[in-house]
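Q: Output the structure for:
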Amino acid sequence: MIPRKLKPQSLFNLVRLGKDNDGGYLICKNSLENSSCLISFGIKDDYSFEEDFKNINNSKIFAFDPSVTYKTFFKKIITSLINLNLKFFYSNILNYLNFKKFFNNKENYFFKKKIGKGGNIIYPYISIDDVVKLAKKENNSQIFFKVDIEGSEYSILDDLIKYSNIISGLAIEFHQCDLHMERIVKFIKNFNLTLVHIHPNNWEEKGINDIPSVLELTFSSNPELVSNDVSFPHKLDQRNNPNVEDIELTFLHN
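A: Numbers count the residues shown, from 1 in each chain. The predicted model follows:
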């Protein structure tokens, strides 16, 4: 059972950005339109959310992921070649070339630096303070954050609260939610944005107390109300893993 604090109180005007299934997020339309830039933590080889954001908003994009190298793409290319899967072989090559093109201009920036602390591998680190300074240097005042950093999100929650006055929206994936629910609830209470959407990631099963292990939450500084009648899943939601049934959300009454 999920604490009621994690249930959006209304239905808001949401749009879906990113590819089908895993990698796509529902965010508030107002947040998308009012953002002066996107700061994205955690890319891997999937930048479909960033592409969609750019196509609609045409703002600057700052992406951070120290784990992304040419090996990230070439491993998939070689695997598809070994398996004689020419369709994925060519699509993986195209994905790599498009990645290079997308982040090789003066509008989109990619940094091989780590946000959030933790993990077994030591990467070059950059603080939220420095990231915000970088965005402000480019005259970006209203920032949308996308956070998917595999558990390190807990180490930057206080920073997100600190800069909530310049955050237009936030899409964040929480991991091991059954173990960290108190921290998530505390963040929602202290974060000066409205919770507009929740979605369980079905790549992971439920954990302690029947709480989904991974939850995607979306916040907005100025959400557009559609209805007071809210139910889940949202009509735009998709299963992260299309081959597994979605996880039903059950909330506590108080």
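Q: what about the strands in the protein?
A: For the chain, applying DSSP state E gives strands covering 11-12, 14-17, 25-28, 37-41, 60-64, 108-111, 143-147, 167-174, 194-200, 215-220, 225-227.
Q: can you tell me how far the residue lying closest to residue 60 once chain neighbours are set aside sits from residue 79?
A: Using C-beta to C-beta, 6 or more residues apart in numbering and skipping the chain neighbours, the partner closest in space to residue 60 is residue 37 (4.5 Å). Where C-beta positions appear, they are placed from N, C-alpha and C, glycine not excepted. Remark: distance between residue 37 and residue 79 (C-beta to C-beta, to the nearest Å) = 35 Å.
Q: who's more crowded, those two?
A: residue 37 (24 against 13; other C-beta atoms under 10 Å).
Q: Quickly note the distance from the more buried one to residue 171.
A: Residue 37 is 14 Å from residue 171, by C-beta to C-beta.
Q: List the residues that contact residue 238.
A: Contacts for residue 238 (C-beta atoms under 8 Å, 6 or more residues apart in numbering) come out as 16, 20-21, 24.
Q: And residue 171, by the same measure?
A: 25, 27, 49, 144-147, 216-218.
Q: Contacts only, for residue 97.
A: Residue 97 neighbours (C-beta under 8 Å, 6+ apart): none.
Q: Mind pulling up the pLDDT for it?
A: Looking at residue 97, its pLDDT is 89.
Q: where do the helices sit along the stretch 101-250 of the chain?
A: 128-137, 157-162, 177-190 (DSSP state H, counting those that start in this stretch).
Q: Dump the ones you listed into a markdown table; add mean pLDDT, mean neighbour count and distance to residue 253 as well.
A: Formatted as a markdown table, the helices of the stretch 101-250 of the chain follow (pLDDT from 0 to 100; neighbours: other C-beta atoms under 10 Å; distance: least, C-beta to C-beta, whole Å):
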| stretch | mean pLDDT | mean neighbour count | distance to residue 253 |
| --- | --- | --- | --- |
| helix 128-137 | 91 | 15 | 36 |
| helix 157-162 | 97 | 17 | 26 |
| helix 177-190 | 97 | 16 | 15 |
